[in-house]
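1. 3D model of this:
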Amino acid sequence: RPPGRDGYADKSLQGVSMDDEQPRSLSAIVELRQRCEDKLKHDEAKVEFLQSTLERTGQTVGEMESLLKAFKQQLTTIERMMAPVHSETALLTRARFNMQSVLTNVQQLEKYYSLSERLSPVIDQGPAYKLADYLAAMDQIEQGLSYFKQSNPNHQDVRKLRALRRKGQQALEVEFEKLLERFSSSPDRDKIMMALEDQEIELEGGADELSPLSLVLDTDTVETLCSIVEWLVRTEDHSQCLKTYIKYRSSVLATIMDMTRQLSPLTPASKTPRTRTPARPQSRVLRRASTSIRRKDSKSRRQTEASLGGEEDATGAYTRGTDPVLQHIRGYLVGARQEFALAEAIFSEEELPIVLRGLLHPSLEALRVSIKSNLEIAGRHLRNQSFFTLLNVFDVLGELHHKSPHYAYVLREADGNLMASYQLITHSVAEVARSITLEFQDYIHSDQSKKLPEDATVHELTVQSVKFLGSSITYCEAVATVLRPDLPEMKSGLEWLTGQAAHDMLADWIRPAIAALQSNLSRKARDYLEESVAAVFLINNYNYIVHYLQSERFNQVLGKGALHDVEALQQLMTKERDRYEKVTWQPVLDSLQHESVSGQLTKKERDVIKARYASFNETFTKVFALQAELSVPDKVLREAITNRNVELVLPKYKHFDEAYRHSGFSVKNPEKYLKFTPSDVDSSIRHFFGVM
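-> Got it, this is the predicted structure:
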């Protein structure tokens, strides 16, 4: 066919170019035509096949529609026929279910009516043998009683079941008490001490939360107690169970507190350390003279010098952390944490507060009484002005404050009132500590003791005051907190002062105390008959105060103010040293006036020289006798005063002695006047202040 006829184009011709200039051969054209005709025949046959298939499919669809209509009619007929059968089957099924329910109820009823006979052997056997079976039997008894209460409350088995339940409950309570008594007899001493040590190590390390303590009872015992309690608390009256637990475990807690208190290697608070006045050493005088001044041995001298050097002498004051009450507080925290962990494992959230309240309240009350007794002892020391032993109050206050968050975790789980009681205990200790600090200032101001050290050494008031102030710096935060003006309003919890605020508050307390001490010492010095002794007394005391103010401990609190205080005291020392030199040596130096002489002395000149020698001998001997009985414990200060004395006297005496010793002023009795060589004067001065 020609291309394009009937919209058909032979694909085999598409690749033939009509513009081909070369002529095709006839055979190629014939061959192409033959292929096109073959292709056309094939397509025609295919079309005929498709048409016949379509006709057969249409016939089949028609037949299927007829079949389906017939099948639907048959299903409708069958459904109408089966409806009565279905109704009968539903009735039979419902009847079968009812019969099964009746049979089950009958079996249940049979179980309840024979319950007392079946469970009586189990209840008689007791809970110690098989606790799980015993508790299951008790549950069945409860179910039986519940059934009879609803359906047949007058049945004779009700009385039997009630008797079994009462017997079983009593047996459980007895078993519960036996277990508690067996495992609560005596706490393990080593475990308690290890727990106490671990607790303090954690707290010293700055732990915000303490590690949970392991249970003091083994796992099987705890599970047994927990199972018994779980059943008993479901009964109407389970208070006996809680009372029994509180009875035995509170005794354990009390034992722990007593144990930790007794194991404390501490000094009883009733023993009051006494401070002593620094003693002067034994002295050697030029000539024996009657004196009432007590001599101290060289050992006391060394102790005094060690104290001035910053060391604690044998008379040292209260040692920090040495009060048994501290161990009482620590032991209570360990015991409370231990009992809290055990009770939490045994009791539910509803019973836990009741148990903890019964457990912890008596022990907290015992702790309160212990602290109150400690405060009463402190009050007696306060009235006796024994301040060093009062430092234990600051130890107790710090212990209560720093452990407050950990106590709160346990006590608030029990009862908010317990934590309030703990805070009131802390506040009462703070009030006593405040009285101590304020009373101490008043004591320095108002001390009227007339007893003065005869050797003009450091006064006991100075030693006690300065050392107490230094010891108070150890408790800087505690002392600063109790000095707060708003302390009386802090009954619900102390607001602890720390850092620079604490240093400033403490400095404001120390500076007036130092000023009051200086003023009191000045008043006391006026009671000395000898002005030179009064001067040495003030020099010793001022030097003692300066020595401590220059220490790192005081500088840390007072800061630049310490330098100002030291300079003021050093100026007072300089003034007193000038006064000492004037009143001590002026009469001696007045007798050492001399003029150059030559040739034969007249009688008048000889008498003048004799009078001057006699005056020097008399005044110098008196000065030596007095100064040898005095004491300057500080070695550096003693050497400085001695060297200054030598500088004042020795050069003038040398000039005086060189001018007159060989002048022939005394021919008959020269030894009566020439008692001291310059070497003797130097040696005598260097033996002032009891120096051997």
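
2. other SSEs contacting the helix or strand hosting residue 174?
-> Assigned by DSSP states H and E, residue 174 belongs to helix 156-183. With contacts defined as 3 or more C-beta pairs under 8 Å, 6 or more residues apart in numbering; DSSP states H and E, helix 156-183 has these neighbours: helix 115-125, helix 131-151, helix 219-232, helix 239-262. Every C-beta, even on glycine, is put in place using the N, C-alpha and C of the backbone.

3. Can you tell me which of the ones you listed is packed in deepest?
-> Of all the helices and strands packed on helix 156-183, helix 239-262 has the most neighbours on average by mean count of other C-beta atoms under 10 Å, namely a mean of 18.

4. can you pull the buried residues of the helix holding residue 174?
-> Buried residues in helix 156-183, counted by 16 or more other C-beta atoms under 10 Å: 157-158, 160-161, 164-165, 168-169, 171-173, 175-177, 179-180, 183.

5. need the next SSE after whichever strand or helix holds residue 354, C-terminal direction.
-> With elements taken from DSSP H and E, the one containing residue 354 is helix 352-383. Downstream of helix 352-383, the next assigned helix or strand under DSSP H and E is helix 391-402.

6. tell me the mean pLDDT over that next one?
-> If you average the pLDDT over helix 391-402, you get 87.

7. Give me the helices and strands touching the helix or strand just after that helix, please.
-> Later in the chain than helix 391-402, the nearest helix or strand by DSSP H and E is helix 404-414. Here helix 404-414 touches helix 324-346, helix 352-383, helix 416-446, going by 3+ C-beta pairs under 8 Å, 6+ apart.

8. Redo the ones you listed as JSON lines? Include distance to residue 190.
-> Formatted as JSON lines, the helices and strands packed on helix 404-414 follow (distance: least, C-beta to C-beta, whole Å):
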{"stretch": "helix 324-346", "distance to residue 190": "13"}
{"stretch": "helix 352-383", "distance to residue 190": "21"}
{"stretch": "helix 416-446", "distance to residue 190": "28"}
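
9. ok, back up a step: with distance to residue 344 as added columns, please give the helices and strands packed on helix 156-183 in CSV.
-> Listed next are the helices and strands packed on helix 156-183 as CSV, based on distance: least, C-beta to C-beta, whole Å:
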stretch, distance to residue 344
helix 115-125, 31
helix 131-151, 21
helix 219-232, 11
helix 239-262, 13
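
10. Residue 329 is nearest to which of the ones you listed?
-> helix 239-262 (9.2 Å; C-beta to C-beta).

11. quick one, the closest one and helix 352-383 angle?
-> 30 degrees (axes from the mean of the first three to the mean of the last three C-alpha atoms, to 10 degrees).

12. same for helix 239-262, what does it pack against?
-> helix 156-183, helix 189-204, helix 219-232, helix 324-346, helix 352-383.

13. which helices and strands does the longest one pack with?
-> Taking 3+ C-beta pairs under 8 Å, 6+ apart as contact, the helices and strands that helix 352-383 lies on are helix 239-262, helix 324-346, helix 391-402, helix 404-414, helix 416-446.

14. what residues does the shortest one touch?
-> Which is helix 404-414. Outside helix 404-414, the residues within contact range by C-beta atoms under 8 Å, 6 or more residues apart in numbering are 203, 208-210, 333, 336-337, 340, 352-353, 356-357, 359-361, 364, 418-419, 422-423, 426, 493.

15. What residues sit buried inside it?
-> Buried residues in helix 404-414, defined by neighbour count with 16+ other C-beta under 10 Å: 404, 406, 407, 408, 410, 411, 412, 413, 414.

16. closest to residue 136 among those?
-> Closest to residue 136, out of all of the buried residues of helix 404-414 and judged by C-beta to C-beta, is residue 413, at 32.5 Å.

17. Look at residue 526 and say how many residues are nearby.
-> Other residues lying near residue 526 total 8 when counted by other C-beta atoms under 10 Å.

18. got a list of what the nearest residue to it once chain neighbours are set aside touches?
-> Nearest residue to residue 526, sequence neighbours excluded (C-beta to C-beta, 6 or more residues apart in numbering): residue 534, at 7.0 Å. Residue 534 makes contact with 456, 525, 526, 528, according to C-beta under 8 Å, 6+ apart.

19. Check residue 65 too.
-> Applying C-beta under 8 Å, 6+ apart, no residues contact residue 65.

20. Local confidence estimate at it?
-> 85.

21. and it, how far is that from residue 634?
-> Distance, residue 65 to residue 634, using C-beta to C-beta, to the nearest Å: 133 Å.

22. Could you point out which of the buried residues of helix 404-414 is nearest to residue 261?
-> The closest of those, once distances to residue 261 are taken by C-beta to C-beta, is residue 407, at 17.4 Å.

23. Let me see the confidence value for the closest one.
-> 84.

24. Report the separation between it and residue 423.
-> Distance from residue 407 to residue 423, by C-beta to C-beta: 9 Å.

25. before we move on, what about residue 413?
-> Distance of residue 413 to residue 423, computed by C-beta to C-beta: 16 Å.
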